[in-house]
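**Student:** I would like to see how this sequence folds:
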Amino acid sequence: MKNGKTFERAVRAIQEWKIRAGQNPLSYDFQCERTACVESTLDVVRAMLPYHTQWKHVAGTLPGLAWVWILSTIAQSAPLLEYLEVIPHGGYQTYATVNISLSSVPRLRYLSIPLNNVRLVPGVTNLHGIRTLQFTGGAMSVEDCMSCLAHCPNLEICRMTCADQLRYNGRGVGNVIEATHLTHFHLTAQHDAAACFDRLYAPVLIDLEILITARPYPGTSSRWTHVRSFLERSKSPLQSLVVDNPLMGEDDLIDCLRLVPHLTSLWIRSGSSLTDRGIGFLTLSPYNDICQDLQTLTVSAGERVCSLRSMESLILSRWPGRRANLMNDTEHPSPMWKRELRKICLIGFAFFIYSFELPSIQECIDEGFRLTNYL
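**Tutor:** Reported below is the predicted structural model:
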């Protein structure tokens with residue numbers, strides 16, 4: 001459905017398509033982004049609602065109210081639905097919460113919903129078909145997230161935003177949730193989501209993103225070891241890690257990095273920023289081989305601060321240029337170790353403008369090293 005076509009014709013086309021399809025599954029892909037078309041778009045959506053038991057594929061861009069109608073209908077029953085991708089256009093925050101039970105979509109394989117008025121209810125029956133769940137609106141709780149992982153045993157990609165304060169209590173699942181097919185797990189939480197990692201087992205995970213906005217209580221200094229315990233338990237072949245967690249101290253993060261030797265991409269965001277000591281742990285030496293496969297490193301400035309000199313040492317220890325064959329301060333041969341670093345991105349560091357004045361950094365850049373910065 002394109003914006004330039006008359007909506008009356010689109011309504012008639014939907015009705016004619018249903019007649020021709022008979023009892024066969026139906027697919028819809030919408031592209032409507034003009035605010036002036038909202039009322040006409042709702043007429044088109046209203047025309048397709050009676051056929052929800054035949055929906056197989058529903059995706060595209062629609063006004064928020066149209067998606068509320070569609071999702072409310074799916075919550076009743078959509079037994080053939082395999083693919084649902086919601087892209088909202090316009091406001092949707094004021095609409096009532098829609099609860100979708102996975103039992104109403106038994107064939108679902110792909111679900112992507114960014115709306116903050118939709119909550120997924122896993123139910124009690126395992127759904128073996130689901131491969132992708134992307135629920136990033138914030139209406140989910142930690143308990144909802146864990147229940148989804150528990151009841152979708154073949155899930156491969158899971159991206160969840162948990163804003164609800166409801167704490168996970170383990171109802172309906174065992175002590176360990178075996179997500180043996182999970183390869184990508186992105187969790188954003190406004191509260192401590194330790195339970196997600198205390199119970200999760202994901203032995204094939206290659207991509208992990210942890211964004212937690214909760215702050216530690218003033219005066220507390222306890223360790224946040226939940227991700228480390230998860231990695232020890234799962235032995236995941238992690239390749240990409242993004243971490244932004246003020247609850248996780250510098251030592252907690254370094255302990256995690258020692259458990260993922262094949263990591264190729266690392267983003268340390270502001271909530272988990274490092275001091276010179278932390279950067280030193282990432283600097284390779286004959287006595288330190290942490291994350292030797294690392295190719296891309298992104299570091300955001302935060303409450304903990306590192307210096308240009310410590311960053312220089314890190315770069316020189318990992319860049320496979322001329323200086324890799326020499327000691328930093330002599331002309332004697334340097335001990336050899338694996339050097340795969342190709343790019344560093346620094347975000348919010350004032351010292352970036354001075355880095356090009358260091359001959360060693362400039363030499364690496366001349367050899368092809370990529371150093372970028374965002375203030």
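
**Student:** need the helices for the stretch 251-375 of the chain, in chain order.
**Tutor:** According to DSSP state H, counting those that start in this stretch, the stretch 251-375 of the chain carries its helices in the segments 276-281, 308-318, 352-355, 359-366.

**Student:** List just the one of those helices that sits closest to residue 45.
**Tutor:** helix 352-355 (49.4 Å; CB to CB). In this view, the C-beta of every residue, glycine as well, is placed from N, C-alpha and C.

**Student:** And for that closest one, what's in contact with it?
**Tutor:** 308, 311-312, 346, 361, 371, 373, 375 (CB atoms under 8 Å, 6 or more residues apart in numbering).

**Student:** May I ask which two of these are separated the most?
**Tutor:** Distances among the contacts of helix 352-355 were taken as CB to CB; the most separated pair is 312 and 375, at 19.4 Å.

**Student:** neighbour-wise, which of the two wins?
**Tutor:** Ranked by neighbour count (other CB atoms under 10 Å), residue 312 and residue 375 place residue 312 first, with 18 against 10.

**Student:** tell me the contacts of residue 265?
**Tutor:** With CB under 8 Å, 6+ apart, residue 265 has these contacts: 239-241, 294-296.

**Student:** now do 7 Å
**Tutor:** 239-240, 295-296 (CB atoms under 7 Å, 6 or more residues apart in numbering).

**Student:** What subset of the residues you listed is buried?
**Tutor:** 239-240, 296 (16 or more other CB atoms under 10 Å).

**Student:** Sort out for me which of these are in strands.
**Tutor:** Among the buried ones among the contacts of residue 265, the ones falling in strands (DSSP state E) are 240, 296.

**Student:** can you list the buried ones among the contacts of residue 265 in CSV and add pLDDT?
**Tutor:** CSV is the format used below for those (pLDDT from 0 to 100):
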residue, pLDDT
239, 98
240, 98
296, 97
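
**Student:** and of the buried ones among the contacts of residue 265, the nearest to residue 112?
**Tutor:** Nearest to residue 112 among the buried ones among the contacts of residue 265, with distances taken as CB to CB, is residue 240, at 19.9 Å.

**Student:** and that closest one, bridged to which residues?
**Tutor:** Counting by DSSP bridges, residue 240 forms beta bridges with residue 207, residue 265.

**Student:** Tell me the spacing between it and residue 312.
**Tutor:** Going from residue 240 to residue 312 by CB to CB, to the nearest Å gives 25 Å.

**Student:** Residue 300 too?
**Tutor:** 18 Å.

**Student:** Kindly report the same for residue 188.
**Tutor:** Taking CB to CB, one finds residue 188 at 33 Å from residue 312.

**Student:** residue contacts, residue 369?
**Tutor:** Residue 369 sits next to residue 319 when contact means CB under 7 Å, 6+ apart.

**Student:** helices and strands of the chain: which one has the lowest mean pLDDT?
**Tutor:** When each helix and strand of the chain is scored by mean pLDDT, DSSP states H and E, helix 352-355 comes last, with a mean of 73.

**Student:** burial measure for residue 278, as a count.
**Tutor:** 21.

**Student:** Show the low-confidence segments of the stretch 201-350 of the chain, by residue range.
**Tutor:** Within the stretch 201-350 of the chain, the ranges that satisfy pLDDT under 70 run 215-222, 324-335.

**Student:** Now do the same for the residue sitting nearest the centre point of the chain: its pLDDT.
**Tutor:** Nearest to the centroid of the C-alpha atoms of the chain, with distances taken as CA atoms, centre = their mean, sits residue 186, at 3.0 Å. For residue 186, the pLDDT comes out at 95.

**Student:** Could you do residue 38 as well?
**Tutor:** Residue 38 is given a pLDDT of 70.

**Student:** Likewise for residue 157?
**Tutor:** 97.

**Student:** Look up how far residue 352 lies from it.
**Tutor:** In terms of CB to CB, residue 157 sits 34 Å off from residue 352.

**Student:** Would you list the phi and psi of residue 11?
**Tutor:** When read as degrees, to the nearest 10, the backbone of residue 11 gives phi -60, psi -50.

**Student:** Just give the nearest non-adjacent residue to it, would you?
**Tutor:** residue 47 (4.6 Å; CB to CB, 6 or more residues apart in numbering).

**Student:** Tell me who's in contact with that neighbour.
**Tutor:** Contacts of residue 47 by CB under 7 Å, 6+ apart are 11, 14-15.

**Student:** Of the residues you listed, select the buried ones using a PyMOL command.
**Tutor:** Buried members of the contacts of residue 47 can be picked out in PyMOL with the line below, counting by 16+ other CB under 10 Å:
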select buried, resi 11+14
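
**Student:** which among the contacts of residue 47 gets closest to residue 282?
**Tutor:** residue 14 (56.7 Å).

**Student:** mind checking how far the helix or strand encompassing residue 147 is from the chain centre?
**Tutor:** For residue 147, the element it lies in under DSSP states H and E is helix 142-151. Its chain's average C-alpha position is 16 Å from that of helix 142-151, according to CA atoms, centre = their mean, to the nearest Å.
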